[in-house]
Structure formats: structure tokens, C-alpha cells
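> Predicted model, plus sequence, below.
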Amino acid sequence: MVLEHIQPGDWNSRAVIYNDIVSLSGVVADDRTADMKNQTAEVLRKIDTVLEAAGTDKSKIISSVVYISDMSLKDEMNEAWMDWMGDTPPPARACVGVDLTPYTLVEIMCQAVKS
């Protein structure tokens, strides 16, 4: 079993690759003063960067879980998500309301196949 770690840190790796499956850790925005749509857009840009480092892209995402701190803001998150997906067929996705760290409105994790 060979695991490839992308951007390993002290307590997690940004992603781990095993058998051509790329599993991303939860990704949050750096700008926690932004609203839901802009935090989501930032997170999705960060996901693009990690997927590229892993040799894949958003068109290869199998599944995603979106954690949001306020379900009343889901439509704003969905706007950013749909802008990001464009014409790409969307992956299987769940959206879950949870308590996140202060001022974090959204956290997204996903799995993709390598291209």
C-alpha cells in the first residue's frame, strides 16, 4: 500500500492519494470576514489548487460534503458552487449544517479520481 500525501502538515495532509483516489481534507476560507458566497468561492479556488497538485481537477470529483454553519445561507453557497461547476457535471454531494470554528461559514471536503 502506497499513500501519497499532498501538503502534509502537523495534524493533517491537504490530500492523500491511494489507488488513484484523491481524498481532500476539509478546506476552509482564509478570509473569515467574507460572506457565505465569497467564503465558498475561496474554498473552491483552494480545492482547484489541491486537485491540480494531485494531478486531477473538479471534473473528476466523485463525491463532496459541504459543511455550513447556517442552513439559511445554503442558497448563497449553492450560487458559488454552481458558478464554479459551470458546465461540469456535478458530483454526488451532501450539505450538512454543523457548528464550525468562529466566523467559518463553510468547509468542504471531497474525493476525486486522478486523471
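Perfect, thanks for sending it.

> in the worst-scoring helix or strand of the chain on mean pLDDT, what's buried?
Among the helices and strands of the chain, strand 4-8 carries the lowest confidence by mean pLDDT, DSSP states H and E, at a mean of 93. Buried residues in strand 4-8, counting neighbours by 16 or more other CB atoms under 10 Å, are found at Ile6. (Glycine included, C-beta is placed from N, CA and C.)

> Could you list the buried residues of the helix with the most length in the chain?
Assignment by DSSP state H gives helix 36-53 as the longest helix of the chain. By neighbour count, and taking 16+ other CB under 10 Å as the criterion, the buried residues in helix 36-53 are 36-44, 46-47, 50-51.

> Show me where the protein has its helices.
If you assign secondary structure with DSSP H, the helices in the chain sit at 36-53, 74-85.

> Give me the angle between the first one and strand 4-8.
Yep, that's helix 36-53 we're talking about. 130 degrees (axes from the mean of the first three to the mean of the last three CA atoms, to 10 degrees).

> May I have helix 36-53 as PDB, with CA atoms only?
What follows is helix 36-53, C-alpha atoms only, in PDB (Å, rounded to 0.1, in the frame of the first residue of the first chain):
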ATOM      1  CA  MET A  36     -21.100  32.700   2.600                       C
ATOM      2  CA  LYS A  37     -20.900  33.100  -1.200                       C
ATOM      3  CA  ASN A  38     -17.400  34.600  -1.100                       C
ATOM      4  CA  GLN A  39     -16.000  32.100   1.500                       C
ATOM      5  CA  THR A  40     -17.400  29.300  -0.600                       C
ATOM      6  CA  ALA A  41     -15.800  30.700  -3.800                       C
ATOM      7  CA  GLU A  42     -12.400  31.000  -2.000                       C
ATOM      8  CA  VAL A  43     -12.700  27.400  -0.700                       C
ATOM      9  CA  LEU A  44     -13.500  26.200  -4.200                       C
ATOM     10  CA  ARG A  45     -10.400  28.000  -5.600                       C
ATOM     11  CA  LYS A  46      -8.300  26.400  -3.000                       C
ATOM     12  CA  ILE A  47      -9.800  23.000  -3.900                       C
ATOM     13  CA  ASP A  48      -8.800  23.600  -7.600                       C
ATOM     14  CA  THR A  49      -5.200  24.200  -6.400                       C
ATOM     15  CA  VAL A  50      -5.100  21.000  -4.400                       C
ATOM     16  CA  LEU A  51      -6.700  18.900  -7.100                       C
ATOM     17  CA  GLU A  52      -4.200  20.300  -9.600                       C
ATOM     18  CA  ALA A  53      -1.300  19.400  -7.300                       C
END
